[in-house]
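[1] just coords:
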């Protein structure tokens, strides 16, 4: 059935918030072993049966989407793949494999594709520069092993290490026009556009702990992804939930996120791009530093334009 979730060998990799979300009506799916909330059911409601008609959960997901557009939502993205790429040649490696400019100031993020020699997608991911020689590569839940292998195969004699740190950090995303109102209630840090513009990160105090927040969005609204050590995830969740009622905070799942990113035409590896599919959105501004993959993508796009 469409959107059917397999039930064997589960739960294999429950995130730190698994029990807290389940107690609030989360219906889980699985990706790369991780349990992820797909949507939230009203209290006492059974999971709708699978079928070919409109799914029974659709009205609930539509409500989550409205809350994303009108108020503020919280959803768990702990299943993100997180790769620490570091070493004196880390920048050179990422510059060679990624479509966009990675040589940015520490504290800035770059959303980019990784391309192969045919100009096709190997992955889409976000690269956070943490220091001159250290980068956090954030990729899809199904991608960390594949992306780590792709990076490692191109290291050669370079001085670079790639470490999968996915399980060390939870990610709580708060998104929506009232996201700034919410985060200001739980942290003394400055979240203004001047201090924390889109595409930047900062370390913050939150509740009784510390976290790093990335100002980025996969749903097209104002928001932050909160990266917190797994042992502090439950505390941060409760801190946000306790003050969230004042701003209409709603818990959401992956179906909401996927629907909103499609509305915004945000690409996703496996759907918007794959190894055999050319990265036809790579434009000349993104290709100022042409490597083999960029040249192949632009050459093929020019060939296609000539046939139309």
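    Thanks, I have the structure now. Nothing here was measured: the structure is a model prediction, and the numbers come from that model.
[2] C-alpha from now on. contacts and neighbour counts both.
    Will do.
[3] any low-confidence regions in the chain?
    267-308 (pLDDT under 70).
[4] quick one, helices of it?
    18-22, 58-70, 90-97, 144-153, 179-186, 233-244, 254-263, 292-307 (DSSP state H).
[5] Of all these, which one comes closest to residue 209?
    helix 233-244 (7.8 Å; C-alpha to C-alpha).
[6] Of all the helices of the chain, which one comes closest to residue 48?
    Here helix 58-70 is closest among those (C-alpha to C-alpha), at 9.9 Å.
[7] for the closest one, the distance to its chain's centre please.
    From the chain centre to the centre of helix 58-70 is a distance of 19 Å (C-alpha atoms, centre = their mean, to the nearest Å).
[8] what's it packed up against?
    strand 34-40, strand 249-251, helix 254-263 (3 or more C-alpha pairs under 8 Å, 6 or more residues apart in numbering; DSSP states H and E).
[9] Mind checking the helices of the chain for the one nearest to residue 128?
    It is, among the helices of the chain and with distance given as C-alpha to C-alpha, helix 90-97, at 11.3 Å.
[10] Which of the helices and strands packed on helix 58-70 has the highest mean neighbour count?
    strand 34-40 (a mean of 23; mean count of other C-alpha atoms under 10 Å).
[11] which helices and strands sit right next to that one?
    strand 26-31, helix 58-70, helix 254-263.
[12] now it against strand 26-31, angle please.
    140 degrees (axes from the mean of the first three to the mean of the last three C-alpha atoms, to 10 degrees).
[13] gap between strand 34-40 and the chain center?
    Worked out by C-alpha atoms, centre = their mean, strand 34-40 lies 15 Å from the chain centre.
[14] can you check stretch 184-198 too?
    20 Å.
[15] just stretch 32-50 next, same as before
    20 Å.
[16] first vs last residue of that stretch, how far apart are they?
    22 Å (C-alpha to C-alpha, to the nearest Å).
[17] Which residues outside it are in contact with it?
    Outside stretch 32-50, the residues that touch it by C-alpha atoms under 8 Å, 6 or more residues apart in numbering are 1-4, 10-15, 18, 21, 24-30, 55-57, 60-61, 76-77, 79, 141-142, 251-256.
[18] Switch the helices and strands packed on helix 58-70 over to TSV; also include distance to residue 146.
    What follows is these, written out as TSV (distance: least, C-alpha to C-alpha, whole Å):
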stretch	distance to residue 146
strand 34-40	16
strand 249-251	30
helix 254-263	21
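[19] out of the ones you listed, which comes closest to residue 210?
    Among these, strand 249-251 sits nearest to residue 210 (C-alpha to C-alpha), with 21.6 Å.
[20] number of nearby residues for residue 194?
    8 (other C-alpha atoms under 10 Å).
[21] Going forward, count from 52.
    All set: I'll call the first residue 52, so the last point we hit is now residue 245.
[22] picking that back up, need the helices of the chain in JSON lines (columns: distance to residue 158).
    Below are the helices of the chain laid out as JSON lines (distance: least, C-alpha to C-alpha, whole Å):
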{"stretch": "helix 69-73", "distance to residue 158": "30"}
{"stretch": "helix 109-121", "distance to residue 158": "26"}
{"stretch": "helix 141-148", "distance to residue 158": "14"}
{"stretch": "helix 195-204", "distance to residue 158": "22"}
{"stretch": "helix 230-237", "distance to residue 158": "19"}
{"stretch": "helix 284-295", "distance to residue 158": "22"}
{"stretch": "helix 305-314", "distance to residue 158": "24"}
{"stretch": "helix 343-358", "distance to residue 158": "26"}
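[23] Let's have the helices and strands packed on strand 85-91 in TSV, adding distance to residue 288.
    Formatted as TSV, those follow (distance: least, C-alpha to C-alpha, whole Å):
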stretch	distance to residue 288
strand 77-82	15
helix 109-121	18
helix 305-314	17
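[24] Can you check which of the ones you listed gets nearest to residue 159?
    That would be helix 305-314 among the helices and strands packed on strand 85-91, by C-alpha to C-alpha, at 21.8 Å.
[25] what's the closest one in contact with?
    87-90, 112-113, 115-116, 126, 269-271, 318.
[26] Please name the nearest non-neighbouring residue to residue 290.
    Using C-alpha to C-alpha, 6 or more residues apart in numbering and skipping residues adjacent in sequence, the residue nearest residue 290 is residue 258, 6.2 Å away.
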